[in-house]
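Attaching a predicted model along with its sequence, questions to come.
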Amino acid sequence: MQRFAAAAMLAAFVGVTALMAVGCVPDDKYTAVLMKNREQEVLLQEDAAKLAALDERVKGEQARLGDVQRIIAEKDDHLATVMRERDAVRKAFDDLLAMYPKALEARTMAPAGIPPVVVTQLRELAKQYGDLFDFDEATGRLRFKADVTFDSGSNVVKAEAKTALAKLGTILAADVAKGIKVEIVGHTDADKVGKPETIKLLKDLKKTPDNQGLSEARAESVADILKTAKVEAARILTKGVGPTQPLDAAPTATAKAKNRRVEIWLSATSSGVAPVAAPTPAVPALPFDR
């Protein structure tokens, strides 16, 4: 701006000097020249102000450009981070996908260590006899409904249940199942054993004449069927718990029916090979109601 003012003053000086060089100049012409120079000075000052304003705008745009470039750089950094995270997630997913077949195989094997082929056979058997028992793959437990398996107060296995248990014995007697331990647990409801015939036979079997004795006798009857199917006696353990482990403690007929059951728990032996032990004697039948 100072440069333009100096130029204006120089132009005015030149104009005045020119007038003085030619001698006397009328006042009106002298005044006209001065006015013209002042107008030029004003125009130059306005142009200088415009240029200064444009310079400020340029500086502002440069600052904005710097901000945009910084934002782009930050975006690029963020994008690179996201891409790295995406690649890591993709790799983890690919690793899991590669492990899926093994995980699926592990899912088909109960935690008890039952081989997958045996799990499949037990699953199919449970479908065939769904009204008789259910199979919990996660625990290796088969739960037989006592009212379908036995008559009331009896340890005599009914025909359909005997057929299902014989098929179960065939599965467990196969070579692939040799390392499976079989625990048979008898359960009853809380109704008292009252019939003299049942009490007498329980005493003959050297068992207490109550639900505890009845639960033991039923577990042993199931064991006898598995032994007949060539399941080694050394792999079988039987016990009765009477009414001490009810599934439903309500005093209703439905609840009592749930509690009357025989559960077969399958698990791997510690060595994976069945131990050798002397066979247990067969248990006489208890054909009477309680």
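Noted; the coordinates are in hand. In this text, all values refer to a predicted model and were calculated from it rather than measured experimentally.

use CA for all of it now, contacts and neighbours both
Fine.

my guess is A249 contacts A257, does it?
No. Using CA atoms under 8 Å, A249 makes no contact with A257, being 11.0 Å away.

neighbour-wise, which of the two wins?
For A249 versus A257, the count of surrounding residues by other CA atoms under 10 Å is larger for A257: 17 against 14.

What residues of the helix or strand encompassing that one count as buried?
Secondary structure from DSSP states H and E places A257 in helix 253-259. For helix 253-259, the buried set under the neighbour-count rule, 16 or more other CA atoms under 10 Å, comprises 256-259.

Closest one to A92 out of those residues, please.
K258 (45.7 Å; CA to CA).

How about the closest one: what's its closest non-neighbour residue?
Nearest non-adjacent residue to K258, counting by CA to CA, 6 or more residues apart in numbering: L247, 6.4 Å away.

Would you enumerate the residues in contact with the one you found?
By CA atoms under 8 Å, 6 or more residues apart in numbering, the residues touching L247 are 255, 258-259.

In a markdown table: these, plus pLDDT and distance to T228.
Compiled in a markdown table, these are given as follows (pLDDT from 0 to 100; distance: CA to CA, whole Å):
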| residue | pLDDT | distance to T228 |
| --- | --- | --- |
| A255 | 90 | 33 |
| K258 | 89 | 28 |
| N259 | 91 | 27 |
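
Adding distance to D189 as columns, could you present those in TSV?
Listed next are these as TSV, based on distance: CA to CA, whole Å:
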residue	distance to D189
A255	9
K258	8
N259	5
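
Could you break this structure into its assigned domains?
2-104, 116-268 (automatic domain parsing).

May I see the buried residues of stretch 70-79?
In stretch 70-79, counting by 16+ other CA under 10 Å, buried: nothing.

what about that stretch, average pLDDT?
The average pLDDT within stretch 70-79 is 86.

Distance from that stretch to the middle of the chain?
Offset of stretch 70-79 from its chain centre (CA atoms, centre = their mean, to the nearest Å): 36 Å.

Going by neighbour count, which residues in stretch 40-51 are buried?
40-41, 44-45, 48.

which residues of the stretch 1-150 of the chain fall in strands?
With strands called from DSSP state E, counting those that start in this stretch, the stretch 1-150 of the chain shows them at 133-136, 141-145.

sorry, back to before: now name the helix or strand holding the residue nearest to K258.
Per DSSP H and E, there is no helix or strand for L247.
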